[in-house]
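> sequence? don't have it. structure:
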């Protein structure tokens, strides 16, 4: 059981039982008393209010009103937040975008400098525009949850992506492409890729992509992506 999983198990036990001893928690998660005490200290640092009974048994009680105040987000999760806010802003349906931007800025400041550099590189390749009112959305599906982390990893490491693609007629093909950019025309999202087999750019609706995989033993160069005049880049990280 890794540290994060152990912390989650301790929190579940405290929420479920109200009070637990250090020995009980140690038995439940399979570690020593000393490790549990370190875990409790770490959880307190994250903002949880955990009361201790100094009497025999080392009773612990979680304040039901306490909550985690520090973020524990992966870089793909931050990517997803940034992209979602950008898409909602472009669609004009984010009334509290100033609060969302302030919250995202705090998350960005908590990231290591190398991750901020990766975010900047990614946002330079994020483009947003307006969808044609004639676009048929009747067959719009859900996006594969694995697609964004695969795109993020492949884009940064310059690996090709392999995936299954269903076109508008339902025909399925397997594609191997270079992930060059992302285009958002709310509510549709597109992977903009260079297709080596066709020696040209292709736009793939992300809700029609399934089983995405990064091809680790490949590499490519980032190309200039030609966008229309009404499609603008999104790059709004602070200095």
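Structure's in. What do you need? Please read these numbers as outputs of a predicted model, since none were measured by experiment.
> going by C-alpha atoms from here, please, whenever you check contacts or count neighbours.
OK.
> test my guess that residue 214 contacts residue 158.
No: at 9.4 Å, residue 214 does not count as touching residue 158 under the criterion of Cα atoms under 8 Å.
> for the two, indicate the residue with more neighbours.
Taking neighbours as other Cα atoms under 10 Å, residue 214 and residue 158 compare with residue 214 leading, 24 against 21.
> ok, now how distant is that one from residue 106?
Relative to residue 106, residue 214 is positioned 30 Å away (Cα to Cα, to the nearest Å).
> check which residues of the strand or helix carrying residue 115 are buried.
Element membership for residue 115 (DSSP states H and E) is helix 113-123. Of the residues in helix 113-123, 116, 119, 120, 122, 123 count as buried by neighbour count, 16 or more other Cα atoms under 10 Å.
> and for stretch 160-172?
In stretch 160-172, counting by 16+ other Cα under 10 Å, buried: 160, 161, 162, 163, 164, 165, 166.
> just the buried residues of the strand or helix carrying residue 44, please?
Assigned by DSSP H and E, residue 44 belongs to helix 33-45. Of all the residues in helix 33-45, those buried under the rule 16+ other Cα under 10 Å are 33, 36, 39, 40, 43, 44.
> so the second one touches residue 27, yeah?
Yep, that's residue 36 we're talking about. No: counting by Cα under 8 Å, residue 27 is not a contact partner of residue 36; they are 9.8 Å apart.
> tell me what the lengthiest strand in the chain is packed against?
What stands out as the longest strand in the chain, according to DSSP state E, is strand 172-185. Secondary-structure packing of strand 172-185 (3 or more Cα pairs under 8 Å, 6 or more residues apart in numbering; DSSP states H and E): strand 126-128, helix 147-157, strand 160-166, strand 188-195.
> direction included, what does the third one pair up with?
Spelled out, that is strand 160-166. strand 172-185 (antiparallel), strand 209-215 (antiparallel) (DSSP bridges).
> out of these, which comes closest to residue 19?
strand 209-215 (44.3 Å; Cα to Cα).
> buried residues of the closest one, list them for me.
Quick answer for strand 209-215 (16+ other Cα under 10 Å): 209, 210, 212, 213, 214, 215.
> so how far is it off the chain centroid?
Distance of strand 209-215 from its chain centroid, counting by Cα atoms, centre = their mean, to the nearest Å, is 16 Å.
> run the angle between that strand and helix 147-157 for me.
On the basis of axes from the mean of the first three to the mean of the last three Cα atoms, to 10 degrees, strand 209-215 is oriented at 30 degrees to helix 147-157.
> need the residues that contact strand 209-215.
Residues outside strand 209-215 that contact it (Cα atoms under 8 Å, 6 or more residues apart in numbering) are 143-144, 146-147, 150-151, 153-154, 159-166.
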